[in-house]
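Q: Kindly generate the corresponding structure for this input.
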Amino acid sequence: MAEQFLTLMADLDNNSQELMSGWYKELQDVGFTGVQTPGLPFHISLATFSLDDEDKAVEEMHRLAKEFTSIPVHFSHIGMFAGGKVLFCAPDMNPPELLKLHDAIKLNTIDEYTWTPHSTILIDEPEVVNDALKVFVKSFKPFMARITGLHLCAFWPTREIESVKLKEKGIGKTELSTELGLSTRTVAKIAKGEKLSKRSIQRISDYIGVPSEQLMREISNNKILQILRDEKDMNLPGGLYHELQVRMTYNSNHIEGSKLSEDQTRYIFETNIVDVGDGIPVDDILETIHHFRAVDYVIENAEEILTEDIIKELHYILKHDTKDSTLSWFAVGEYKKRANVVGGKGTTKPADVHKAMEALLREYNEKEKVTIEDIIALHAEFELIHPFQDGNGRVGRLVVLKECLRHNLIPFIIEDSKKNYYYRGLSEWRNEKGWLIDTCLDSQDSFKRILDALEIQYDEE
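A: I've put the predicted structure just below:
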């Protein structure tokens, strides 16, 4: 490309500017500043022109501004290019209105590369950008932006030439109601910010061409669940979500024989980096990472009715890509194919597992009001059935977490230090239910202490 040139840029809305500026500040705070042009707003470059065509480029920009209204753009992914020197975030592939805007440019360009819509976050040497990517990936979440204007700059040196706003797309309530296939009353709710049905939200998302999850936020009546979801979305360190992930993953895996310490588990969760030294089995590391994902799945699906499919999905998340998954007879995400024995006692035969699970869930889901004792009983019966070849304990404890969150009960994490009491309670469940109930309630008290430390209020059952 010529040393001096013009660039036509599509400017993003103020909310997107604030969001992306926040991500860049997070990079700055840990030492990444980059060599990108300072002072430029975050944007999507549309085309480059010869410096000699400045007057024509200004005319072209104004022509485009008359033809196009503001354009919604869903930024969904991040990456590196230009030999690893550029860190960027980018919209979904081929956003139609943005493509139309780019294709409408009539002035001859001097672009050397195929146009790829993106917004630059950082420019630096590849090794620096690669390290910055590890930080950025923890913060980035897909977001909805709008192209609200165009501006023209000259490089190098940088010189702002002119900018112009795109018109906002206007539409009346009656017209919008007709196009959406919704009542005018429902359309009025949009303006008031009132609750909408999922059907209505889906129609709106289809109309403007963005994923429905970008338009809505479900608020749970369960305060603890809502805190977990909010902190998960924010990737907030040091909060309840953080502690739940680390403590439950460490204890649940350690009960099953994992060699990772709690500090090593915490390091993997906080940094997304595996550096635990020699002597740690690969599966211990994989199953730790998988358990983090499984807890996320529980939080996301906590309010769904408990089904065999959900339980199988938890097993798949935990066990896929492990050594067990390479065995022809080991069914990842499916019930066991071979009979197994636990603690010297037989479990439900493979041919009978589906029937036993179906009956267990039917009886449980028919309860009008589920108590903590009901969830403990569900857990005990699940472990006695032992539906999977391996991973039953971890899946069962994840089910407990899900159902506590579903029924607005304080969860409990079985700690490794209580393993012997826990195993005794499971083994003797049919003879003496109090042992397992006492162990679980004691573990619930431990969870309450976490809530107290974080000053999160809760109702005593």
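Q: Now do the same for the longest strand anywhere in the chain: mean pLDDT, whole number.
A: Using DSSP state E, we find that the single longest strand of the chain is strand 143-155. The average pLDDT for strand 143-155 rounds to 92.
Q: Same question for stretch 286-295.
A: 94.
Q: Check the offset of stretch 308-315 from the chain's centre.
A: 19 Å (CA atoms, centre = their mean, to the nearest Å).
Q: pLDDT on the helix or strand harbouring Glu127, on average?
A: Per DSSP states H and E: Glu127 is located in helix 126-139. For helix 126-139, mean pLDDT is 89.
Q: how far is that helix from where the chain is centred?
A: 18 Å.
Q: Which secondary structure elements does that helix sit against?
A: helix 14-29, strand 71-81, strand 86-91, strand 119-123 (3 or more CB pairs under 8 Å, 6 or more residues apart in numbering; DSSP states H and E). For glycine as for every other residue, the C-beta is placed from the backbone atoms N, C-alpha and C.
Q: what about 6 Å?
A: helix 14-29, strand 86-91 (3 or more CB pairs under 6 Å, 6 or more residues apart in numbering; DSSP states H and E).
Q: And the contacts of that helix?
A: Contact with helix 126-139 is made by Trp23, Glu26, Leu27, Val30, Phe32, Met80, Gly84, Lys85, Leu87, Leu122, Asn235, as judged by CB atoms under 6 Å, 6 or more residues apart in numbering.
Q: In stretch 21-36, which residues are buried?
A: By 16 or more other CB atoms under 10 Å, the buried positions in stretch 21-36 come out as Trp23, Tyr24, Leu27, Phe32, Gly34.
Q: Go through these and say which is closest to Val342.
A: Trp23 (48.0 Å; CB to CB).
Q: Look up the closest residue to Ala47, ignoring the ones flanking it.
A: Computed as CB to CB, 6 or more residues apart in numbering, the closest residue to Ala47 that is not its neighbour in sequence is Thr109, at 4.5 Å.
Q: Then Arg430?
A: Nearest non-adjacent residue to Arg430 (CB to CB, 6+ apart): Leu384, at 7.7 Å.
Q: ok and the helix or strand harbouring Met9 relative to strand 119-123, angle-wise?
A: Assigned by DSSP H and E, Met9 belongs to strand 5-12. Going by axes from the mean of the first three to the mean of the last three CA atoms, to 10 degrees, strand 5-12 is angled at 120 degrees with respect to strand 119-123.
Q: give me phi/psi at the residue nearest to Ala47?
A: phi -100, psi 170 (degrees, to the nearest 10).
Q: Next one: it from Leu225, what distance?
A: 51 Å (CB to CB, to the nearest Å).
Q: ok, Ile224 - how many residues close by?
A: When counting by other CB atoms under 10 Å, one arrives at 22 neighbours for Ile224.
Q: any idea how far the residue nearest to Ala47 lies from Tyr364?
A: 64 Å.
Q: same deal with Asn392?
A: Distance from Asn392 to Tyr364, by CB to CB: 17 Å.
Q: between those two, who's got more neighbours?
A: Comparing Asn392 with Tyr364 by other CB under 10 Å, the one with more neighbours is Asn392, at 21 against 17.
Q: Tyr113 versus Pro126, what's the distance?
A: Where Tyr113 is concerned, Pro126 sits at a distance of 18 Å (CB to CB).
Q: neighbour count winner among those two?
A: Summary of the neighbour comparison: Pro126 and Tyr113, criterion other CB under 10 Å, with Pro126 having more neighbours (13 against 9).
Q: Helices of the stretch 201-350 of the chain, start to end?
A: 223-234, 240-255, 262-271, 282-300, 308-319, 350-365 (DSSP state H, counting those that start in this stretch).
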